[in-house]
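>>> Below are the sequence and a predicted model for it; my questions follow.
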Amino acid sequence: MTEANETPPIHGGAVAAVAELLGSARLMALGVNRPDGWPQVTTVGYVNDGLMLYFVIARDSQKYANLQTDPRVSAAIRAEGAQADTVGVSIAGRAIEVTDPAEVERLNRMVFERYPEAGAFCPGGSSVAVMRLAPEIVAPVAVIDGRSRAQTYSIGAGGAPDPDPGAGRGVSALF
């Protein structure tokens, strides 16, 4: 049992439901912190590997400069399609640059498989950066009986547990 103000750790059913939702969308609203304290939110494309999110940004962008100063980010993702019981998910974590060429190649294969019509991440020289958003807080939101419901989970230093696909389909199964 957790205290009223303590965020429960994510469980395998939530991992499966959120990963399913992440796999159904292409765009996220990404919020970063500007040096003057004002938030900056932009829409970026992404690919996910479970709960891990990957995206590409220009090195000469304000977003990249902001992330170099403060890697804390929040992302909001809304499900695509006619999933009436699912609204989306909010994820907070830290964005760090992916510099390992083998990992970038793995991500390129994922992009090609998921979006055959899209180009690869292909960090060309110094023009773009491939970023990984490692989640620390995950808050799926569902609509049940016409009302929005959210549940917030934390992800500890050990990472998220393996997904439990037997826990039901969709975010609404969490409530």
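Nice, thanks for sending it over.

>>> C-alpha from now on. contacts and neighbour counts both.
Fine.

>>> Please identify the buried residues of the helix-or-strand element of the chain with minimal mean pLDDT?
Using mean pLDDT, DSSP states H and E, strand 147-150 stands out as the lowest-scoring helix or strand of the chain, at a mean of 84. Neighbour-count burial for strand 147-150, counted by 16 or more other CA atoms under 10 Å, picks out 149-150.

>>> just stretch 60-79 next, same as before
For stretch 60-79, burial by neighbour count (16+ other CA under 10 Å) applies to 63-67, 71-79.

>>> tell me the mean pLDDT for it?
For stretch 60-79, the mean per-residue pLDDT is 94.

>>> Using CSV, write out every CA atom in that stretch.
Only the C-alpha atoms of stretch 60-79 are listed here, as CSV (Å, rounded to 0.1, in the frame of the first residue of the first chain):
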residue,chain,number,x,y,z
ASP,A,60,20.7,24.4,-34.2
SER,A,61,17.1,24.4,-32.7
GLN,A,62,16.0,26.1,-29.5
LYS,A,63,14.7,22.7,-28.3
TYR,A,64,18.2,21.2,-28.6
ALA,A,65,19.8,24.2,-26.8
ASN,A,66,17.1,23.9,-24.1
LEU,A,67,17.8,20.1,-23.6
GLN,A,68,21.5,20.8,-23.2
THR,A,69,20.7,23.1,-20.3
ASP,A,70,17.9,21.0,-18.7
PRO,A,71,17.2,17.4,-20.0
ARG,A,72,13.9,17.2,-18.1
VAL,A,73,11.0,16.9,-20.5
SER,A,74,7.3,16.0,-20.6
ALA,A,75,5.5,14.4,-23.6
ALA,A,76,1.8,14.0,-24.3
ILE,A,77,0.6,11.4,-26.7
ARG,A,78,-2.9,11.0,-27.9
ALA,A,79,-4.1,7.7,-29.4
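
>>> now what about that stretch, what contacts it?
Residues outside stretch 60-79 that contact it (CA atoms under 8 Å, 6 or more residues apart in numbering) are 21-22, 24-25, 27-35, 40, 57-59, 86-96, 127, 133.

>>> Quick one: distance of that stretch to the chain centre.
Stretch 60-79 sits 12 Å away from the centroid of its parent chain (CA atoms, centre = their mean, to the nearest Å).

>>> cool, stretch 162-175 as well?
The mean C-alpha position of stretch 162-175 is separated from the chain mean by 17 Å, CA atoms, centre = their mean.

>>> Helices of this protein, start to end?
For the chain, applying DSSP state H gives helices covering 12-23, 62-69, 101-114.

>>> Turn these into JSON lines, including distance to G170.
Output for the helices of the chain, formatted as JSON lines (distance: least, CA to CA, whole Å):
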{"stretch": "helix 12-23", "distance to G170": "5"}
{"stretch": "helix 62-69", "distance to G170": "32"}
{"stretch": "helix 101-114", "distance to G170": "20"}
